[in-house]
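Engineer: here are the coordinates; sequence isn't available:
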């Protein structure tokens, strides 16, 4: 590219990368006062045939629409502009400051199991959004994953589909064809190499990255790749690392050679990981039970110890088996019963374009929608007598003058709370807390008095408000329930929801 200025606006600073599909440059947007840094991608078909250029333009506009839609996600770069100039196609994208994952996955260095689980969850969360939009990335590899400097989250870049523009040519029969397959050897499965990618093709690539992180090996052929079974062709990597069998099973299912045997999408992998993590937590609780019994509660009867031993030997942790055990031991020991009730408490996830949050599976959510996404999600306790506990999650657009959580409290929350609370029960100063990913927030607890659902008795009602502000948008989580139930709900409901509350 000879031009150093595109559209009299984007000033090229330096090249970032080049490949078969085109080039990528760092640029400055001189239409903005701060000369904001951005990324310019140039695509040029291999042929100047009018038919090729026409089809390239169609594909370019189609992919620009997809990228614009995907850019609404916080961990996908926003598309700032797209245009055609001198029979070349350009996209201008948001610049993500951070390091590519390939800098972390140093050859010969092995990451621990917890690190790899966290990495998998991070990648799969954004990939689940992409798959939910009906899009296959097609070029997932460490160089296309950036760990964002501001918060350490993984950002997915460089979608493979648009690269088809740079690979278009006309064959001897005058047919439009791509000159190369999209993707990087070592990270693409057979069906994608044969031009038939699926959602599970992306899953395969993420599984390869997990093995790379665990083993310190590089999957690309030039670096030796992964060892394979001589008969099945499946990867042989478990013996090279110390990893739990359940996690290895999840990863192996991600990288099956036969795409029909893989997880079908990123969402399915996340579900598989949730099951693995739940089972791991369950085994930890069970193995800790004898210590709990000897130090905090009376010694369980022999029948309970026999059941616990059976669990250990069989490694049975299904909900049905646990429920049956709880029923069996309940008449004998109240402490054991409470332990298993707590153990069985399970969670589900709610997510949309704005947030993601974990909630107790029995607390059914309902939404109130006035815009594109729900403005208010209400989670109600299954309790059907007395006072029904509820958790509400909502967002609110703020004026430019309200830029902090404290501003929101002083100008909006505090006046509203003071209307509900009697003077002798006024809340104290808000305390600092954190949401998911250690995102800073504030919280406040106070009590009001209210009649129960029967309208007969007046009961103390505990309220807990948790809020934060991001990009002039307030995000609020509130709990409302009987004061007598607050300590139990705080442990089982409020804290898990707060700690999982992720703002996109």
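Structural biologist: Yep, that arrived. All figures in this text were calculated on a predicted structure; none of them were measured in a lab.

Engineer: in the protein, which helix or strand is least confident?
Structural biologist: The helix or strand of the chain with the lowest confidence, counting by mean pLDDT, DSSP states H and E, is helix 302-314 at a mean of 41.

Engineer: center of this structure, which residue is that?
Structural biologist: Centroid-nearest residue in the chain, with C-alpha atoms, centre = their mean: residue 125, separated by 2.7 Å.

Engineer: distance check, that one against residue 498.
Structural biologist: To residue 498, residue 125 is 18 Å away according to C-beta to C-beta, to the nearest Å. (C-beta placed from N, C-alpha, C; glycine too.)

Engineer: list the buried ones in stretch 263-276?
Structural biologist: 263, 265, 266, 267, 268, 269, 270, 272, 273, 274, 276 (16 or more other C-beta atoms under 10 Å).

Engineer: the fifth one sits in which helix or strand?
Structural biologist: In this structure, residue 268 is located in helix 266-295 according to DSSP states H and E.

Engineer: rounded mean pLDDT for that helix, please.
Structural biologist: Helix 266-295 shows a mean pLDDT of 67.

Engineer: and what of stretch 67-85?
Structural biologist: On average, the pLDDT along stretch 67-85 is 87.

Engineer: buried ones in it?
Structural biologist: 67, 70, 73, 74, 75, 76, 77, 78, 79, 80, 81, 82.

Engineer: contacts only, for residue 466.
Structural biologist: By C-beta atoms under 8 Å, 6 or more residues apart in numbering, the contact set of residue 466 is 433, 435, 441, 442, 443, 476, 477, 478, 498, 501.

Engineer: I figured residue 442 hits residue 464, correct?
Structural biologist: No. If you go by C-beta atoms under 8 Å, residue 442 and residue 464 don't touch, sitting 11.5 Å apart.

Engineer: sorry, back to before: which strand or helix spans the residue nearest to the centre of the chain?
Structural biologist: Per DSSP H and E, residue 125 falls inside helix 113-132.

Engineer: what helices or strands is that helix leaning on?
Structural biologist: With contacts taken as 3 or more C-beta pairs under 8 Å, 6 or more residues apart in numbering; DSSP states H and E, helix 113-132 sits against strand 154-156, helix 199-215, helix 245-254, helix 266-295.

Engineer: okay if I get those as TSV plus distance to residue 147?
Structural biologist: Compiled in TSV, those are given as follows (distance: least, C-beta to C-beta, whole Å):
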stretch	distance to residue 147
strand 154-156	6
helix 199-215	13
helix 245-254	21
helix 266-295	19
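
Engineer: of these, which stretch is the most buried?
Structural biologist: Stretch with highest mean neighbour count among those: helix 199-215 (a mean of 25; mean count of other C-beta atoms under 10 Å).

Engineer: adding pLDDT, write the contacts of residue 466 out as CSV.
Structural biologist: Shown next, in CSV, are the contacts of residue 466 (pLDDT from 0 to 100):
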residue, pLDDT
433, 87
435, 92
441, 92
442, 91
443, 89
476, 93
477, 94
478, 93
498, 92
501, 93
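
Engineer: and of the residues you listed, the nearest to residue 190?
Structural biologist: Among the contacts of residue 466, residue 501 lies closest to residue 190 (C-beta to C-beta), at 40.6 Å.

Engineer: what's the closest one in contact with, if anything?
Structural biologist: Shown in contact with residue 501 (C-beta under 8 Å, 6+ apart): 355, 356, 357, 393, 435, 436, 466, 475, 477.

Engineer: same deal with residue 395?
Structural biologist: By C-beta under 8 Å, 6+ apart, the neighbours of residue 395 are 354, 355, 375, 473, 474, 475, 476.

Engineer: helix, strand, or coil at it?
Structural biologist: At residue 395 the chain is in strand, as set by DSSP: H, G, I helix; E, B strand; the rest coil.

Engineer: what separates it from residue 213, distance-wise?
Structural biologist: Using C-beta to C-beta, one gets 35 Å for the distance from residue 395 to residue 213.

Engineer: hang on, the earlier thing: who's in contact with the helix holding residue 125?
Structural biologist: With C-beta under 8 Å, 6+ apart, helix 113-132 has contacts from 70, 73, 75-76, 111, 136-137, 140, 145, 153-156, 199, 202, 206, 209-210, 213-214, 242-244, 247, 265-267, 269-270, 273, 277, 356.

Engineer: give the rounded mean pLDDT of it.
Structural biologist: Averaged across helix 113-132, the pLDDT comes to 93.
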